[in-house]
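> prediction below, plus the sequence it came from.
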Amino acid sequence: MTAKTWDVSYEWRAVLILSLAFGLVGVDRFVLPPLFPAMMKDLKLDYQDLGNLVGVLGVAWGLSAILVGNLSDRLGRRRVLVPAVVLFSVLSVLSGFAAGLVSLLVIRAVMGLAEGPVASTGVAVAVEASHPRRRGMNNGFFQCTIALFGTGFAPILATQLLRVTSWRAVFWIVGAPGLLVALFMWFTIREPATTGAQALEGPHKRAPLSAMFKHRNVPLSMIGLLCAMTGVFVLSAVMPNYLVDYLKLNPQQMGFVTSAIGFGGALGQLGLLTLSDFIGRRTATLISFVVAAVFLWLFIHTGADIPRLFVLLSIAAMFNFGALAILAGPIPAEAAPVGLIASVAGLVIGAGEIFGGGIAPSLAGTVAQHLGIEYTLYMALGGQIAGLLVCAFLHETAPRVSHKSSRGSISVLDKARDATH
């Protein structure tokens, strides 16, 4: 299949529906922290409870991403994606009926089990539908919506809705659209045998699971993503309470500043993934960690200056989310053996989620409860520094950078798959 015969129409339709689904994952996942100051009063919760609620979803997300990623390689993409979208949407609605901490923990844990497959299987679908030269850009479109909707629009939407309704009703409102997206997804997404990526590879036999660790980028991506997610999820979890309790902003000011994580993060995921197609995955990742660390340090040492807080946080989030997106998308996908893209993506995303998205926010809750919420931001900063050190050892796999003199649009991923056979 050449560039002239590539099914560009399906490529864009698949990326669009994946992006909408992942955006709703972001809303359902990240709407809780902006609502938490109101929930604390009604349900008698504290900072440790916040960390545990964010953490339990992350751990469950990670476990399901690992397990279900391989399942989607065997059963098909739609059979995994559609039930997952339906389930997390229903669970978001059920969050509004929670009577206390225990019921919330159970609901959020099961929600994480449903959301994990959307990440790992979504990466596989985006890679399979995308022409090799557009893998980074299309993964950017897909992944940026979790930041744009989840930590960009969700804080503003939640805090504005709290003016006219309860936090329970907000959960009901944000959960409903997922059911419609699931319906469209069923009629849009194709299975790998009919995608352009499969046509490029030919009718090859699936590699064994043991082959997943043959490329060094797989374990490095797992550790690097853990570091990136520590920054993203610690900031997302504690930022609303940090701004309200420590900097003494009102709820609407808090919603505005917190939205910088989403708007900056979305721009970073799209922009840096696209840039990585041209300058390389490794270079883009290293730049992302350096800039994120510098601007997060500046944010930590800024007082209640709302415009300055917004700018600094948006830039820090832009590059933190950029590193996360590269490590969760094209790097593991381009290191995956034939037939195991979702398996490798699920393994990498799962490891990052369990520790960076699960354990780290829970530890941040402990730090906030016993030392002060302001100290949690140093955990996020530490994640950037550690990620920089780990990703210095990545091997470059971007098609334009690592394979310029060879088969045109076919990347190292495609060449490695051919070599496997």
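Now that the structure is in, tell me what you want to look at.
> so which helix or strand takes in residue 168?
helix 167-175 (DSSP states H and E).
> any idea which helix or strand comes after that helix?
Assigned by DSSP H and E, the successor of helix 167-175 is helix 177-188.
> so what touches that following helix?
Here helix 177-188 makes contact (C-beta atoms under 8 Å, 6 or more residues apart in numbering) with 13-14, 17, 20-21, 24, 28, 78, 81-82, 85-86, 88-90, 92. Placement of C-beta: from N, CA and C, glycine included.
> and with 10 Å instead?
10, 13-14, 16-18, 20-25, 27-28, 77-79, 81-93, 114, 118, 125 (C-beta atoms under 10 Å, 6 or more residues apart in numbering).
> mind checking which of these are in helices?
Applying DSSP state H to the contacts of helix 177-188, the entries found in helices are 10, 13-14, 16-18, 20-25, 27-28, 78-79, 81-93, 114, 118, 125.
> select only the buried ones of these in ChimeraX?
Remark: buried members of the ones in helices among the contacts of helix 177-188, expressed as a ChimeraX selection using 16 or more other C-beta atoms under 10 Å:
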select :10,13,14,17,18,20,21,22,23,24,25,27,28,78,81,82,84,85,86,87,88,89,90,91,92,93,114,118,125
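> mind listing what's buried along the helix holding residue 168?
Neighbour-count burial for helix 167-175 [16+ other C-beta under 10 Å]: 167-168, 170-175.
> remind me what it packs against, helices and strands.
Identification of packing neighbours for helix 167-175 by 3 or more C-beta pairs under 10 Å, 6 or more residues apart in numbering; DSSP states H and E yields helix 8-30, helix 32-43, helix 78-95, helix 154-161.
> that one to helix 8-30, inter-axis angle?
When axes from the mean of the first three to the mean of the last three C-alpha atoms, to 10 degrees is applied, the directions of helix 167-175 and helix 8-30 differ by 170 degrees.
> just give me how far helix 167-175 sits from the chain centre.
The chain centroid and the centroid of helix 167-175 are separated by 22 Å, computed with C-alpha atoms, centre = their mean, to the nearest Å.
> and the residue lying closest to residue 80 once chain neighbours are set aside, how far from residue 115?
Nearest non-adjacent residue to residue 80, counting by C-beta to C-beta, 6 or more residues apart in numbering: residue 72, 4.1 Å away. Separation of residue 72 from residue 115 (C-beta to C-beta, to the nearest Å): 14 Å.
> which one of the two is surrounded by more residues?
Set residue 72 next to residue 115 and count neighbours by other C-beta atoms under 10 Å: residue 115 wins out with 30 against 27.
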